[in-house]
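# Starting from these lines, generate the structure:
(chains A and B)
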Amino acid sequence: MTNQFEQIPEEWLRRREGLGVWEGKGKAVAVGTGVSPTSRRWDWDPQSSVGANAISALRKAMDDSGVTPDQVDGLIVVPDTTTGRFAWPPTWPEGRDIPADMAAAFEMVEDPKVGMAGLSTEWILKNMPELTNVEFAAHIPSDTAPALIGAVEAIVRGLTKVCLVVKGWHNLSGRYYVGQGAANGGTIATREKWSTGWGTVGVYQEATRFQRYLWKYGKRKEMFANYVVNSKRNGLNFPEGFFAQNRPEDIVTREDYLAARWLAKPANLYDADIPICAAAAFLFTTPERAKDMKQKPVYVLGHTSTQPPARSLQHTLEEEEAAAASTGRKLPEAAGISVSDYSFENMYDGYGMFHAIHVEGLGYAGIKQGDFLDFVENEDITNEGPHPISPSGGNIGSGRTRFWLHIDTIQQLQGRAGKRQMTGVKPEIGVDGANFPQNFHGLVWGANPD
Amino acid sequence: MPKQSPVPEDVDRGFWEAANENRLVVQNCLECNRLQHPPQEACAQCGSGAHLDWREMSGRGTIYTYAVMYDNPVPLLFEDQPFNAAVIKLEDDPDIMMLSHLPGTPVDEVPIGAPVKLVFEKTQATGQLVPEWEVVTQS
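Numbers count the residues shown, from 1 in each chain, chains lettered A, B, ... in the order given. Modelled structure (predicted):
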């Protein structure tokens, strides 16, 4: 079947301030989620490919929801699955053949890399013949958060009644960016000459903003330690996550954090997330249809998007703070709530410093610009406390997926987050979103529709 | 520090030609009277590429922020790790930023807010000059 669209319609996004309460408030719900097994890098086994992981996640999401495949009429796929920057490093190793056993295991599409270094609705539907009644299909590039917004808008607009969303990540062998592409050789072309040529990809930009933050507000790097330790702890309590599955002994202490090797000082190893292989799926429907499903529905109360361009080489701290503040105003406006109504937050954290800017922008727990480090150093930020910080543990806690935060939000509001279930506050309204403050899509979720 | 030699392309050729003459220029939209960097095919404000030219800068700026690179992706820079990678704001327009390895400034001794002056460094592969920045020492 033909996709209805290849990117989310611009008119579905709520970018501006002053739009008022979202007209779809409470009219779309998340019910079930599913996560594939996780791994550090793809071992070239077809059964652990991003395609296989996507199928695994989709089937789990349907099972979790108590929905049979024939009841699904909508499918949104995030086609991008790279754990690096888009198009570089290349999504496929130069000179590497397509594995023959992949073609034996799965129905292939015209681009043979799909299923290994990308996803498509066509590939999913060919390899999940049980999805017999999909009438609405779409691609929403880049990430989970805009795909979730696409799903809830599609539900609200009546394009689908039971919609699956899937996002996968593939991580091929090789060190992150090192010696690859533009970084290699004695000359450098394209726009990479303004960044990579100076040795500054990866965490560099956020590290410089964090350095500016420490200088501007008179804070110390060490004040970030409790936040990272808490996120790592929450990650180990996330059974679907990479560390809980693969490195359950990997407890990170304050001392570990302070002794970690530098990447781009003031950012160290534990400030960064690790690329992994994983896929997650979400099932959305209407409140009416959800009544017969297995899990308690979680209502989407509002959403927003914030993507201001950088004025020059990179976003400044001040541009990032302004973007986060704009998001912080738009989300409660869309949901028709006040900031004090947030029970918890699950904002993006890969790199960890983003989380500080996001939370300050939200004003969550009364945290203002320049306050985050004092708060996480001095307050109870655990899931047992009155103001949980990153209860999912995020990318820092469970690996680079940018979807743990959404899964945790849904599970917290359903009261089935297991060891992570917050106990110091009753989870009634949660806020989450990804990724950078200056490239952001976020949602407000409620245990109730209003 | 050794650097990769930037390969001039149509969009930024004016910048690199000026650098080889020891001049720092930044792309300017005559219609909007607005500088932009890195160079682009069109003005980010009005969307037109018809009014872009190059404006020479004073060669003075300040250190906005920095990081110390311990794990960079460019093999040519491996031997110099850790090294400074600072963001410089130009005095002519503080919205315009450039990167610098701050030659002469030890790592962990980078003074945010300090004035810097322009110098040019020759790159090995092609001899292309690139702009660099040094902290201005008070005499």
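# per-domain residue ranges of chain B.
Using automatic domain parsing, the domains assigned to chain B come out as B:7-56, B:58-139.
# how about the longest one against chain A, any contact?
Yes. Legend: contact between domain B:58-139 and chain A by CB under 8 Å from any CB of the partner chain is shown at B:64-77, B:82-83, B:85, B:87, B:95-99, B:101, B:107-108, B:112, B:124-126. Every C-beta, even on glycine, is put in place using the N, C-alpha and C of the backbone.
# Out of these, which end up buried?
B:64-74, B:76-77, B:82-83, B:85, B:87, B:95-99, B:101, B:112, B:125 (16 or more other CB atoms under 10 Å in any protein chain shown).
# can you pull the contacts of A:Asp273?
By CB atoms under 8 Å, 6 or more residues apart in numbering or on different chains, the contact set of A:Asp273 is A:349-351, A:394-396, A:399-400.
# List phi and psi for the residue nearest to the spatial centre of chain B.
Nearest to the mean C-alpha position of chain B, by CA atoms, centre = their mean, lies B:Met98 at 3.7 Å. Backbone geometry at B:Met98, expressed as degrees, to the nearest 10, gives phi -140, psi 160.
# before we move on, what about A:Thr121?
The phi/psi pair for A:Thr121 (degrees, to the nearest 10) reads phi -60, psi -40.
# Please give the number of neighbouring residues around the residue nearest to it when sequence neighbours are not counted.
In this structure, A:Thr121 finds its nearest non-sequential neighbour in A:Ala137, 4.3 Å apart by CB to CB, 6 or more residues apart in numbering or on different chains. A:Ala137: 23 surrounding residues under other CB atoms under 10 Å in any protein chain shown.
# so how far is B:Phe83 from A:Ala137?
49 Å (CB to CB, to the nearest Å).
# And A:Ala259, how far from A:Glu320?
Noted for A:Ala259: a distance of 28 Å to A:Glu320, by CB to CB.
# which bits of the stretch 301-450 of chain A sit near chain B?
Proximity of the stretch 301-450 of chain A to chain B (CB under 8 Å from any CB) is limited to residues A:309, A:311-314, A:316-317.
# Can you flag which of these belong to helices?
With DSSP state H as the criterion, helices contain A:Leu317 from among these.
# The residues of the stretch 301-450 of chain A next to chain B in strands, which ones?
In strands, judged by DSSP state E, none of those are found.
# got TSV for the residues of the stretch 301-450 of chain A next to chain B, with pLDDT, distance to A:Arg41 and neighbour count too?
Putting these into TSV (pLDDT from 0 to 100; distance: CB to CB, whole Å; neighbours: other CB atoms under 10 Å in any protein chain shown) gives the following:
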residue	pLDDT	distance to A:Arg41	neighbour count
A:Pro309	94	34	9
A:Arg311	95	37	20
A:Ser312	96	36	23
A:Leu313	95	32	20
A:Gln314	96	29	21
A:Thr316	98	35	24
A:Leu317	98	34	20
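# Output the residues of the stretch 301-450 of chain A next to chain B in JSON lines; the columns should cover distance to A:Gly18.
Below are these laid out as JSON lines (distance: CB to CB, whole Å):
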{"residue": "A:Pro309", "distance to A:Gly18": "21"}
{"residue": "A:Arg311", "distance to A:Gly18": "23"}
{"residue": "A:Ser312", "distance to A:Gly18": "28"}
{"residue": "A:Leu313", "distance to A:Gly18": "31"}
{"residue": "A:Gln314", "distance to A:Gly18": "29"}
{"residue": "A:Thr316", "distance to A:Gly18": "25"}
{"residue": "A:Leu317", "distance to A:Gly18": "26"}
